[in-house]
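Enquirer: Make a model of this:
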Amino acid sequence: MNKSHVDVLIIGAGISGVGAAYHLQKHCPDKSYLIVEGRDEVGGTWDLFRYPGIRSDSDMYTFGFNFKPWVEPEAIAPGDKILAYIKEAAQENGIAQHIQFGHRVISADWSSKNGAWTAQVKDLATGVLSEVVSKFLFSCGGYYNFDAGYTPRFNGVDAFEGTIIHPQQWPKDFDYSGKRVVVIGSGATAVTLVPAMAAKASQVIMLQRSPSYVVSRPECQDLANTLNKFLPKKIAYALNRWKNILLGMYFYSISKRKPDAIKKFIINGVKEAVGDDCDVAKHFTPDYNPWDQRVCSVTDGDLFEVIKSGSASIVTDHIERFTKTGILLRSGEEIEADIIVTATGLKLEMFSGMSLSKDKEVLDPSQSFVYKGMMLSEFPNFAYSVGYTNASWTLKSDLVGEYVCRLVKHMDKHKYDFCIPVVPAEGLKAEPIIDFQSGYVLRAAEEMAKQGSEKPWKLYQNYMLDRFSLGYQSVVDDSIDFRRI
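Expert: Below you'll find the predicted structure:
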């Protein structure tokens, strides 16, 4: 079996993996690394999803890398521009040459004797296995299964004679012109698909079991583009980035402190946008508070416009079963369709599905505690990158990438072989890792690691706190051991 050695093995060549590689090159230029990517291109999520209207739901001044200014006019950017941005970052920083495409890490075992991970890497085209030995393992493959999305078990699916598509497997060049379309779902994907498909389809109905909070955000930010026009791009980017970070934190904070006021503000905005013909109480008023689930955003109110114009509509009801020609609802109404899009969510998957072990003993993430939102108790020389639920993903992934470099440099300086977060002898009070009510989180709750009730074992979902703890505080504390073999 072919075997290679690197200092750091990075899983995934999406936005987290490319960012991790950049920070490693910058802060630890003497370290070798390899990125293993299951797909054939850089980009991760943005190479996978190709459905109509695919775009960011976070502004690109915070979703972009902290090292590469976003200079396009759109703050809420289409997917193809985001993909081009990630690819450009990989190419211009020499990262692409370190990526092994079409391969997947299926398992990794830590050897206490050797102080290293040995990863089993599968060539997805041939099935041939190889080994990569690394001192540090950095999982940057995201939080969901790329091979299949989540679709509930609908009764009578086989009876439907039309086309059923999950957005995660959107067919190339799929033509829906003049077709009757039903989009099942009420999340970020559904609210993006409906206005995009309404331009060509003869009918688009968003069928939801329960509503979500939806707010309109401008595709372009006038102040941001003015700053881009008159200031050096790095300065303009920094100002735009901090403005949006602070505004986002303020909106989240006030949503938690005054949920009724924010709920009223959001609902009133929808009423004004969709007009009197839409039942806002039924279709846009959730039974939970803002940010108990992620708030959906629509670009320049496009969803509201197609509803107001009549080119799309919303039905709030439960599905009884699929029929030959569409969907029968619990109310007795039947919706006819040629195409049904199941925008019903993701399958959460930890660490890209790879199994981890220590000295051949299985390491179970669900029995571990999260340390600083990026490592796990009893997992040696291991880190992972997962973004915020209430802010842009990349704000967190950049912090984690830089912090891993700080750990590596500290171990080199003091001649340690590995570091490992260790739960205090008195134990920790276990809490769910994410206080979030989204379906993909609830479905996988039992598989996920836990958090404690106090730092460094608690996730605060707060960029400013993380910026301080990951960016400036010492990597040494009572909860992480640095050891020599």
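Enquirer: going forward, measure contacts and count neighbours with C-alpha atoms only.
Expert: Noted.
Enquirer: longest strand of the protein?
Expert: Ranked by residue count, the top strand of the chain under DSSP state E comes out as strand 129-139.
Enquirer: Check which helices and strands it sits against.
Expert: Packing partners of strand 129-139 (3 or more CA pairs under 8 Å, 6 or more residues apart in numbering; DSSP states H and E): strand 3-11, strand 116-123, strand 382-384.
Enquirer: would you turn those strands into TSV with distance to Asp417?
Expert: TSV is the format used below for the helices and strands packed on strand 129-139 (distance: least, CA to CA, whole Å):
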stretch	distance to Asp417
strand 3-11	12
strand 116-123	9
strand 382-384	13
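Enquirer: among these, which is nearest Ile485?
Expert: Among these, strand 116-123 comes nearest to Ile485, with 10.4 Å by CA to CA.
Enquirer: hmm, who's touching that closest one?
Expert: Here strand 116-123 makes contact (CA atoms under 8 Å, 6 or more residues apart in numbering) with 102-111, 128-137.
Enquirer: what lines up beside that strand in the sheet?
Expert: Sheet pairing of strand 116-123 (DSSP bridges) gives strand 103-111 (antiparallel), strand 129-139 (antiparallel).
Enquirer: Could you dump these into JSON lines and include mean pLDDT?
Expert: Converted to JSON lines, the strands paired with strand 116-123 look like this (pLDDT from 0 to 100):
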{"stretch": "strand 103-111", "mean pLDDT": "98"}
{"stretch": "strand 129-139", "mean pLDDT": "98"}
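Enquirer: Distance from the helix or strand where His23 lies to the middle of the chain?
Expert: Here His23, judged by DSSP states H and E, is contained in helix 15-27. Chain-centre distance of helix 15-27: 17 Å, with CA atoms, centre = their mean, to the nearest Å.
Enquirer: So which other helices or strands are in contact with that helix?
Expert: Right, helix 15-27 is packed against strand 3-11, helix 79-92, helix 393-413 by 3+ CA pairs under 8 Å, 6+ apart.
Enquirer: Quick check: next helix or strand after that helix?
Expert: Downstream of helix 15-27 (by DSSP H and E), the next one is strand 33-36.
Enquirer: any idea of the mean pLDDT for the helix or strand following that next one?
Expert: Note on strand 33-36: by DSSP H and E, the next helix or strand toward the C-terminus is helix 45-48. The predicted model gives helix 45-48 an average pLDDT of 96.
Enquirer: what about the helices in the stretch 101-250 of the chain?
Expert: For the stretch 101-250 of the chain, applying DSSP state H, counting those that start in this stretch gives helices covering 188-198, 222-230, 233-257.
Enquirer: And those helices: which comes nearest Leu363?
Expert: Closest among the helices of the stretch 101-250 of the chain, once you apply CA to CA, is helix 188-198, at 33.6 Å.
Enquirer: Counting by contacts, list what the closest one packs against.
Expert: Using 3+ CA pairs under 8 Å, 6+ apart, helix 188-198 sits against strand 180-184, strand 203-208, strand 296-299, helix 302-309.
Enquirer: Figure out which of the strands paired with strand 116-123 is closest to Ser4.
Expert: strand 129-139 (4.9 Å).
Enquirer: In CSV, list the C-alpha atoms belonging to the closest one.
Expert: Output in CSV follows, covering the C-alpha atoms of strand 129-139 (Å, rounded to 0.1, in the frame of the first residue of the first chain):
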residue,chain,number,x,y,z
LEU,A,129,-6.5,2.6,-0.7
SER,A,130,-3.4,4.5,0.3
GLU,A,131,-2.1,5.8,3.7
VAL,A,132,-1.3,9.3,4.8
VAL,A,133,0.6,9.7,8.0
SER,A,134,0.3,13.1,9.6
LYS,A,135,1.1,14.8,12.9
PHE,A,136,-2.1,16.8,12.9
LEU,A,137,-5.5,16.1,11.5
PHE,A,138,-7.7,19.0,10.6
SER,A,139,-11.3,18.3,9.5
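Enquirer: could you give the angle of that strand to helix 15-27?
Expert: 80 degrees (axes from the mean of the first three to the mean of the last three CA atoms, to 10 degrees).
Enquirer: Please compute how far strand 129-139 lies from its chain's middle.
Expert: With CA atoms, centre = their mean, you get 23 Å for strand 129-139.
Enquirer: and if you look at stretch 312-322?
Expert: 27 Å.
Enquirer: how long is that stretch end to end?
Expert: 21 Å (CA to CA, to the nearest Å).
Enquirer: what does that stretch rub up against?
Expert: So stretch 312-322 is contacted by 154-157, 159-160, 194-195, 198, 203-211, 282-283, 306-307, 327-331 (CA under 8 Å, 6+ apart).
Enquirer: Among those, name the buried ones.
Expert: 160, 194-195, 198, 203-208, 210-211, 283, 306-307, 327-329 (16 or more other CA atoms under 10 Å).
Enquirer: average pLDDT for stretch 86-100?
Expert: So the average pLDDT for stretch 86-100 ends up being 97.
Enquirer: so can I have TSV of the helices and strands packed on helix 188-198 showing mean pLDDT and distance to Gln97?
Expert: Output for these, formatted as TSV (pLDDT from 0 to 100; distance: least, CA to CA, whole Å):
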stretch	mean pLDDT	distance to Gln97
strand 180-184	98	40
strand 203-208	97	43
strand 296-299	94	36
helix 302-309	96	40
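Enquirer: Redo those as CSV? Include distance to Lys243.
Expert: As requested, these are exported to CSV (distance: least, CA to CA, whole Å):
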stretch, distance to Lys243
strand 180-184, 35
strand 203-208, 34
strand 296-299, 18
helix 302-309, 24
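Enquirer: And these: which comes nearest Gly269?
Expert: Using CA to CA, the helices and strands packed on helix 188-198 put helix 302-309 closest to Gly269, at 10.2 Å.
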